[in-house]
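Participant: kindly return the folded structure for what I paste below:
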Amino acid sequence: MNQIVKHFMPIYILSTLSLTFSNPTQLAKYVFGASKVAATASTRKLDLLRSLGADLVIDYTKENFDDLPEKFDVVYDIIGEPERAVKALKEGGNFVAITPPAFTFVLTSTAAILEKLNPYLESGKVKPVIDPKGLFSFSKTVEAFSFLETSRASGKVVVYPIP
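Facilitator: Model prediction:
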């Protein structure tokens, strides 16, 4: 994302609150300096989305996000709806999709990347999102997976070792 999002560009993120992708809003806003972050979520996740730094939150269960009045320099599609996503894209903008068709890539954490992220992590601007109901002791691993299968988690589900 850092090669595409330039400082002061507005970015639109479709469905930022999945279990795997809870940090694009924070990264776009605080690390890459997007001037405006718009993102979609269901009704019960809107407050969490705002707390992560979204300037414009769109409830995809109630609002039609196909016809937004504003167009964006970058549209980041996590849910696999490119036909809808490109409607929010400015002419000459960048469309990023991380959905099928699948491709293989290797994400490496270089010292330079970690050094750039460190101040944001230390300050708390970028932080992991853990579902309040998503902490399970190792002995409750089955329950943790059952919770995951409900698709109701608003962040990571953590299984921690027995002390």
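Participant: CA atoms of the helix or strand of the chain with the lowest mean pLDDT as PDB?
Facilitator: Across the helices and strands of the chain, the lowest-confidence element by mean pLDDT, DSSP states H and E is strand 10-14, at a mean of 74. These are the backbone C-alpha positions of strand 10-14, laid out as PDB (Å, rounded to 0.1, in the frame of the first residue of the first chain):
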ATOM      1  CA  PRO A  10      -8.000  10.400   0.000                       C
ATOM      2  CA  ILE A  11      -8.500   6.600   0.100                       C
ATOM      3  CA  TYR A  12     -11.600   4.500   0.100                       C
ATOM      4  CA  ILE A  13     -11.500   1.000   1.800                       C
ATOM      5  CA  LEU A  14     -14.200  -1.500   1.100                       C
END
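Participant: any idea of the pLDDT on residue 47?
Facilitator: On pLDDT, residue 47 comes in at 90.
Participant: and it, that's in a strand?
Facilitator: No - the assignment for residue 47 is helix, going by DSSP: H, G, I helix; E, B strand; the rest coil, so no strand is present there.
Participant: can you give me the strands for this protein?
Facilitator: Applying DSSP state E to the chain gives strands spanning 10-14, 36-41, 56-59, 72-77, 89-97, 130-137, 156-160.
Participant: out of the ones you listed, which comes closest to residue 114?
Facilitator: The closest of the strands of the chain to residue 114 is strand 156-160. By Cβ to Cβ, the value is 19.6 Å. Where you see a C-beta, it was placed from the backbone N, CA and C, and this is true even at glycine.
Participant: dump the strands of the chain to CSV, plus mean neighbour count and distance to residue 123.
Facilitator: Shown next, in CSV, are these (neighbours: other Cβ atoms under 10 Å; distance: least, Cβ to Cβ, whole Å):
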stretch, mean neighbour count, distance to residue 123
strand 10-14, 27, 21
strand 36-41, 25, 18
strand 56-59, 18, 23
strand 72-77, 23, 23
strand 89-97, 14, 26
strand 130-137, 15, 18
strand 156-160, 14, 20
